[in-house]
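Participant: build me a structure from this.
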Amino acid sequence: MTNGTHDTDMVKKDRAVLVSLVTDDVKRTGINPEYSLEELVKLAETAGVEVLSVLSQNREKRDTKWFIGKGKVEELRAIAEELGATTAIFDQELSGAQVRNLEETLDLKIIDRTQLILDIFAQRANTREGIIQVELAQHSYLLPRLSGHGKNLSRLGGGIGTRGPGESKLETDRRHIRGRIDDLKRHLEELTRHRKLHRERRKKTGIVQVALVGYTNAGKSTLLKQLTAADVYIQDQLFATLDPTSRTMELPSGKEIVLTDTVGFIQNLPHDLIAAFRATLEEVNEADLILHVVDASSAMREDQMRTVNTILQELGSGDKPQLVLYNKKDACTPEQLEMLPLDKDHIKVSALDSEDLLKIREFIQTELTGDTKRFRIPAERGDLTSVLYKIGDVVDTSFEENDVIYEVELQKGEYEKFGYMLEEFIEL
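Facilitator: Next up is the predicted model:
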């Protein structure tokens with residue numbers, strides 16, 4: 001006799017056909033439609049969906065009523081009936097009217113890429129801040145589409161697209177949802193204020209902050225764990241990390257820095273999600289250095305790097321100092337390794353190789369450390385001492401008559417910010 005709980009889970013599991021529409025607009029974005037569809041398969045599997053089949057259509061532009069052409073809708077219906085699908089997941093964003101028309105015609109639950117990503121985030125959010133951010137993004141996404149989701153939300157059995165804001169909330173009027181959005185924003189502002197105070201305290205103590213960023217599943221969490229012995233969730237799946245984790249890491253010099261893991265990026269990352277997670281992503285803006293972790297073994301490596309750099313620009317972090325870690329070198333073919341650039345800003349590593357971990361620490365130290373300069377400060381100018389300690393590490397002190405000579409190993413970022421106060425005291 002089979003286990004009852006297991007049977008229930010099997011009944012509830014979404015069985016989906018995935019759909020992609022390739023229009024002239026899509027081609028102009030430079031996004032590879034085949035790769036995007038492969039990524040949609042991974043996203044669906046991450047959300048716990050059984051993928052039965054995929055369907056693509058090339059059209060000049062999207063159909064305003066059905067999104068895909070009417071003939072393709074009939075083809076989708078036939079495939080869904082034959083395979084016993086419960087859901088159709090579209091690789092592009094749908095309007096509320098399109099969702100309603102497709103649901104009525106196909107008798108399937110209709111989900112788009114944005115909703116699928118939001119659903120994964122709803123499954124993964126653990127902290128209060130993460131849960132609020134996801135719910136805010138879900139409400140912001142659903143508000144303009146309420147009229148199109150009636151049938152979807154009334155379906156029994158739950159599953160993807162129904163997590164997070166419950167049916168009763170979403171079936172109330174828009175005013176109720178707008179009120180909920182305002183409440184969530186207020187909660188988030190309070191949490192953001194706390195996070196900002198915490199960051200400012202770290203800044204005042206002169207602690208250097210380094211942010212790990214990268215495409216989802218590039219290996220950021222594994223690197224954080226290996227470099228800092230952090231107890232973090234690691235899984236070979238998309239968006240395994242949602243809440244940022246900061247840990248102290250020691251450089252070869254003995255200096256300690258704060259290393260922060262951030263949520264992975266993905267192409268077509270929903271704007272509602274970026275807006276809701278802006279407070280969390282501020283960790284990137286506040287960093288002195290960005291470590292861009294790349295899955296070197298991915299066939300779409302260059303596209304993934306472009307996506308990450310585009311999102312960094314959107315966040316206002318595009319000009320920050322950046323080091324690139326070509327991770328997963330152990331999973332690369334010799335040809336892939338040969339094609340990777342190797343210079344002062346790029347290194348090839350494996351998070352599982354202890355020598356590479358030391359190399360990363362040295363890499364960070366070299367980037368953060370500027371030249372060593374000597375400053376001759378009059379003894380009565382004690383007010384400048386704190387500035388010296390802010391711009392770097394004082395490695396030697398000596399006295400000559402009424403002056404104190406400081407030898408300082410500079411931190412690039414801090415020296416750029418505060419060095420102007422000491423220019424007249426530099427010893428050439």
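Participant: restricting to C-alpha, output stretch 347-357 in PDB.
Facilitator: The C-alpha trace of stretch 347-357 is given here as PDB (Å, rounded to 0.1, in the frame of the first residue of the first chain):
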ATOM      1  CA  ILE A 347      40.700  34.500 -12.400                       C
ATOM      2  CA  LYS A 348      39.600  30.900 -12.900                       C
ATOM      3  CA  VAL A 349      38.700  29.000  -9.700                       C
ATOM      4  CA  SER A 350      36.900  26.100  -8.200                       C
ATOM      5  CA  ALA A 351      35.100  26.700  -4.900                       C
ATOM      6  CA  LEU A 352      36.200  23.200  -3.900                       C
ATOM      7  CA  ASP A 353      39.900  23.800  -4.400                       C
ATOM      8  CA  SER A 354      41.700  25.100  -1.300                       C
ATOM      9  CA  GLU A 355      44.600  26.700  -3.300                       C
ATOM     10  CA  ASP A 356      42.000  28.600  -5.400                       C
ATOM     11  CA  LEU A 357      40.300  29.800  -2.200                       C
END
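Participant: so where do the strands sit in the stretch 51-200 of the chain?
Facilitator: For the stretch 51-200 of the chain, the strands defined by DSSP state E, counting those that start in this stretch cover 87-90, 109-112.
Participant: just send those strands back as JSON lines, with distance to residue 260, mean neighbour count and mean pLDDT too.
Facilitator: Every residue, glycine included, has its C-beta placed from N, CA and C. Output for these, formatted as JSON lines (distance: least, Cβ to Cβ, whole Å; neighbours: other Cβ atoms under 10 Å; pLDDT from 0 to 100):
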{"stretch": "strand 87-90", "distance to residue 260": "32", "mean neighbour count": "26", "mean pLDDT": "96"}
{"stretch": "strand 109-112", "distance to residue 260": "31", "mean neighbour count": "26", "mean pLDDT": "93"}
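Participant: tabulate those (CSV), appending distance to residue 422.
Facilitator: Supplementary listing: those in CSV, determined by distance: least, Cβ to Cβ, whole Å:
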stretch, distance to residue 422
strand 87-90, 58
strand 109-112, 55
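Participant: what are the boundaries of the helices in the stretch 251-400 of the chain?
Facilitator: Assignment of helices within the stretch 251-400 of the chain using DSSP state H, counting those that start in this stretch yields the ranges 271-276, 278-286, 301-315, 334-339, 354-368, 385-391.
Participant: swap that for the stretch 51-200 of the chain, please
Facilitator: 70-83, 96-106, 113-124, 128-142, 150-154, 167-170, 174-204.
Participant: need the helices of the stretch 251-400 of the chain in CSV with mean neighbour count, distance to residue 414 and mean pLDDT, can you?
Facilitator: Converted to CSV, those look like this (neighbours: other Cβ atoms under 10 Å; distance: least, Cβ to Cβ, whole Å; pLDDT from 0 to 100):
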stretch, mean neighbour count, distance to residue 414, mean pLDDT
helix 271-276, 18, 29, 74
helix 278-286, 19, 13, 77
helix 301-315, 18, 21, 89
helix 334-339, 11, 36, 88
helix 354-368, 16, 9, 90
helix 385-391, 17, 5, 84
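Participant: reformat those as CSV; add distance to residue 325.
Facilitator: Supplementary listing: the helices of the stretch 251-400 of the chain in CSV, determined by distance: least, Cβ to Cβ, whole Å:
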stretch, distance to residue 325
helix 271-276, 23
helix 278-286, 16
helix 301-315, 12
helix 334-339, 14
helix 354-368, 7
helix 385-391, 27
